[in-house]
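**Student:** from the sequence below, what's the structure:
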Amino acid sequence: MRNRGSSIAGNPVLIGAATVLVIIVAMFLSYNANAGLPFVPTYQLKVEAPSAAALVKGNEVRIGGTRVGAVDTITTRRRKDGSSVAVIGMKLERAVDPLPKDSTIIIRPKSALGLKYVEITRGTSKDGYTDGDTIPVSASKPTEVEFDEFVNMFDDDTRPAMQANLRGFGDAFAGRGSSINVALGVLPALLRDIQPVARNLSDPRTGLKTFFNELGDAARIVAPAAETQASLFVNLDRTFTALNEVARPYIQESITEGRPALDAAIRSFPVQRPFLRNTEGLFHELRPGVRALRTGAPEIASALRVGTPTLRRSPALNRRLASLLTELQTFANDPVAPRGIKRLSETLETLKPPLDHLAPAQLVCNYATLWFRNVSSLLSEGDVHGTWQRFIIIATPSGPNNEGGPSSEPANGPNSDNYLHSNPYPNTASPGQPKECESGNEPFPVGRKVIGNPSGNQPARTEGSP
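**Tutor:** Here you go, the predicted structure:
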């Protein structure tokens with residue numbers, strides 16, 4: 001028969017279940033302790049930092065060495081300028097609210113093993129961040145050099161190098177105690193004299209930083225030419241060795257006499273300046289001619305080769321010209337000669353307009369030469385019946401108004417070859433005309449009458465012309 005007065009404490013199942021529940025709750029609370037206790041209100045902020053290296057979720061957030069929260073999230077964000085920052089989410093106690101806006105943030109090491117925490121230095125501003133705000137990256141102080149970063153400098157390559165340096169410096173100073181004492185004795189005077197030099201070098205106007213930067217650039221530029229420079233110094237050594245043979249007395253005398261020469265130059269150069277300016281202007285004006293000499297040099301050389309024998313024969317020619325010049329002098333002194341020269345000048349002035357008009361016909365179109373050649377061929381060439389002029393017959397096309405007999409108007413068809421093509425005054429590239437050799441170059445439009453100059457410009461050359 002069941003005992004109705006028994007209690008729950010006497011039930012082992014219920015005691016075991018309660019024990020398991022307490023253990024689970026304790027494990028849950030201990031596991032989430034770094035992230036804050038559940039159901040406890042928090043003050044949440046985000047902070048932008050240049051780097052969150054070695055910082056992990058759950059790390060402490062401290063103010064004045066006291067834990068006031070924990071790191072909840074760590075993400076990254078790309079800024080508008082292309083750089084990236086770490087965004088650290090923090091869960092803080094409500095007692096921190098509000099955090100002044102002039103507060104600063106720094107990520108500091110907690111131990112030498114690399115554990116870190118976020119330290120907040122409260123500001124004094126009356127304005128504070130509200131729950132969920134983001135603290136800008138400008139509030140994050142630069143991270144100091146960490147202990148592990150300092151230790152990592154001494155890597156596998158650096159440690160042997162430091163040992164070699166210590167051994168080398170030790171060997172260098174060994175047995176040189178007296179020399180070091182002498183150096184220490186004169187060092188104060190050196191330091192005293194070097195102070196104004198150091199002040200001058202430290203002045204920003206000296207540009208010492210720029211000087212070393214430029215030296216680095218120069219070294220980088222000449223690095224590919226190192227072998228060439230080495231050869232240059234070897235050749236310079238040979239040159240100076242050779243100069244050593246003439247150093248005395250020749251180079252010594254040139255140095256000794258150099259000062260009087262410079263004094264004379266100082267006195268004479270001001271006087272020579274007008275001459276030098278004129279010389280500069282002369283050479284400046286000679287530049288177009290000198291540039292033209294580059295293309296005309298072969299012709300000038302050929303002319304000099306041909307002209308040299310001619311100049312040798314010039315004295316004999318001059319002697320023969322003496323009598324001619326005497327006659328010309330007699331002619332010039334004749335009172336009738338000026339009137340004849342005047343008439344000749346008037347004749348030449350009268351002939352100038354027609355010659356200006358007719359000259360292009362020959363110089364450009366070669367018409368005079370072609371006319372004489374064609375007339376000669378017409379009167380000299382032929383066959384057994386005679387020359388072409390004696391028996392050739394040019395028949396005109398048949399049809400109304402043809403050129404073979406009387407007609408009421410110029411030939412104008414109806415046959416395609418019964419159209420008149422006449423150009424009594426062709427253009428010959430004369431002044432006032434287009435530059436074309438129209439005669440002999442006219443096109444032959446079929447089925448169309450053309451009288452006068454044809455349309456368009458014809459070539460400015462004929463047979464035998466350039």
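**Student:** drop to CA atoms for contacts and neighbour counts, all remaining ones
**Tutor:** Will do.
**Student:** buried set for stretch 123-132?
**Tutor:** Using 16 or more other CA atoms under 10 Å as the test for burial, stretch 123-132 gives 128-129, 131.
**Student:** of all those residues, which comes closest to Ala460?
**Tutor:** Tyr129 (92.5 Å; CA to CA).
**Student:** am I right that the closest one is in contact with Asp102?
**Tutor:** No: the criterion here is CA atoms under 8 Å, and Tyr129 misses it with Asp102 at 9.8 Å.
**Student:** show the subsequent helix or strand relative to the longest strand along the chain.
**Tutor:** Across the chain, the strand with the greatest residue count (assigned by DSSP state E) is strand 66-78. Moving toward the C-terminus from strand 66-78, the next helix or strand (DSSP states H and E) is strand 84-92.
**Student:** Val446 versus the residue nearest to Asn423 when sequence neighbours are not counted, what's the distance?
**Tutor:** Of all residues not flanking Asn423 in the chain, Gly452 sits nearest, at 4.4 Å (CA to CA, 6 or more residues apart in numbering). Separation of Gly452 from Val446 (CA to CA, to the nearest Å): 16 Å.
**Student:** circling back to that earlier point, tell me how many other residues surround the residue nearest to Asn423.
**Tutor:** 11 (other CA atoms under 10 Å).
**Student:** residues touching it, list them.
**Tutor:** When contacts are counted by CA atoms under 8 Å, 6 or more residues apart in numbering, Gly452 touches 422-426.
**Student:** per-residue confidence for it?
**Tutor:** Gly452 carries a pLDDT score of 88 in this model.
**Student:** and for the one 4 residues further on?
**Tutor:** Looking at Gly456, its pLDDT reads 84.
**Student:** so how far is Lys435 from it?
**Tutor:** 11 Å.
**Student:** what about those two, which has more around it?
**Tutor:** When Gly456 and Lys435 are compared for neighbours, Lys435 comes out ahead with 19 against 11, by other CA under 10 Å.
**Student:** pLDDT weak spots in the stretch 301-450 of the chain?
**Tutor:** Residues of the stretch 301-450 of the chain meeting the criterion pLDDT under 70: 382-394.
**Student:** state which helix of the protein is the longest.
**Tutor:** Secondary structure of the chain per DSSP state H: the longest helix is helix 252-333.
**Student:** what about that helix, distance to the chain center?
**Tutor:** How far helix 252-333 lies from its chain's middle: 43 Å, per CA atoms, centre = their mean, to the nearest Å.
**Student:** so which elements touch that helix?
**Tutor:** Packed against helix 252-333 by the contact rule (3 or more CA pairs under 8 Å, 6 or more residues apart in numbering; DSSP states H and E) you find no helix or strand.
**Student:** tell me where the stretch 1-150 of the chain has helices.
**Tutor:** 12-31, 147-152 (DSSP state H, counting those that start in this stretch).
**Student:** so what's the predicted local confidence for Glu285?
**Tutor:** 90.
**Student:** hang on, the earlier thing: could the contacts of Gly452 go into a markdown table alongside distance to Gly170, secondary structure and neighbour count?
**Tutor:** As requested, those are exported to a markdown table (distance: CA to CA, whole Å; DSSP: H, G, I helix; E, B strand; the rest coil; neighbours: other CA atoms under 10 Å):
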| residue | distance to Gly170 | secondary structure | neighbour count |
| --- | --- | --- | --- |
| Ser422 | 115 | strand | 15 |
| Asn423 | 112 | coil | 15 |
| Pro424 | 114 | coil | 10 |
| Tyr425 | 111 | coil | 10 |
| Pro426 | 108 | coil | 18 |
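**Student:** out of those, which is nearest to Ser268?
**Tutor:** Comparing those against Ser268 with CA to CA picks out Pro426 as the nearest, at 71.0 Å.
**Student:** ok, that closest one touching Asn453?
**Tutor:** Yes: at 6.2 Å, Pro426 counts as touching Asn453 under the criterion of CA under 8 Å.
**Student:** what do those two both touch?
**Tutor:** Common neighbours of Pro426 and Asn453 (CA under 8 Å, 6+ apart) are Glu438.
**Student:** share the number of residues neighbouring the spatially closest residue to Ser125 that is not a sequence neighbour, please.
**Tutor:** Nearest residue to Ser125, sequence neighbours excluded (CA to CA, 6+ apart): Pro100, at 5.2 Å. Counted with other CA under 10 Å, residues neighbouring Pro100 total 18.
**Student:** try Ala174
**Tutor:** 9.
**Student:** quick revisit: what strands flank the longest strand of the chain, and is each parallel or antiparallel?
**Tutor:** strand 60-63 (antiparallel), strand 84-92 (antiparallel) (DSSP bridges).
**Student:** buried ones in stretch 188-204?
**Tutor:** Under the neighbour-count criterion of 16+ other CA under 10 Å, stretch 188-204 has nothing buried.
**Student:** wait, isn't Pro360 in contact with Asn427?
**Tutor:** No: using CA under 8 Å, Pro360 is not in contact with Asn427; the gap is 10.1 Å.
**Student:** show me which of the two is the more surrounded one.
**Tutor:** Counted by other CA under 10 Å, Pro360 and Asn427 do not tie: Asn427 has more neighbours, with 23 against 19.
**Student:** so who does the more buried one touch?
**Tutor:** Residues in contact with Asn427, defined by CA under 8 Å, 6+ apart, are 433-439, 453.
**Student:** Pro434 versus that one, what's the distance?
**Tutor:** Distance of Asn427 to Pro434, given as CA to CA: 7 Å.
**Student:** just the buried residues of stretch 123-132 now: which is nearest Val234?
**Tutor:** Nearest member of the buried residues of stretch 123-132 to Val234, counting by CA to CA, is Tyr129, at 72.7 Å.
**Student:** ok, the closest one - contacts?
**Tutor:** Contacts for Tyr129 (CA under 8 Å, 6+ apart) come out as 45, 97-101, 135.
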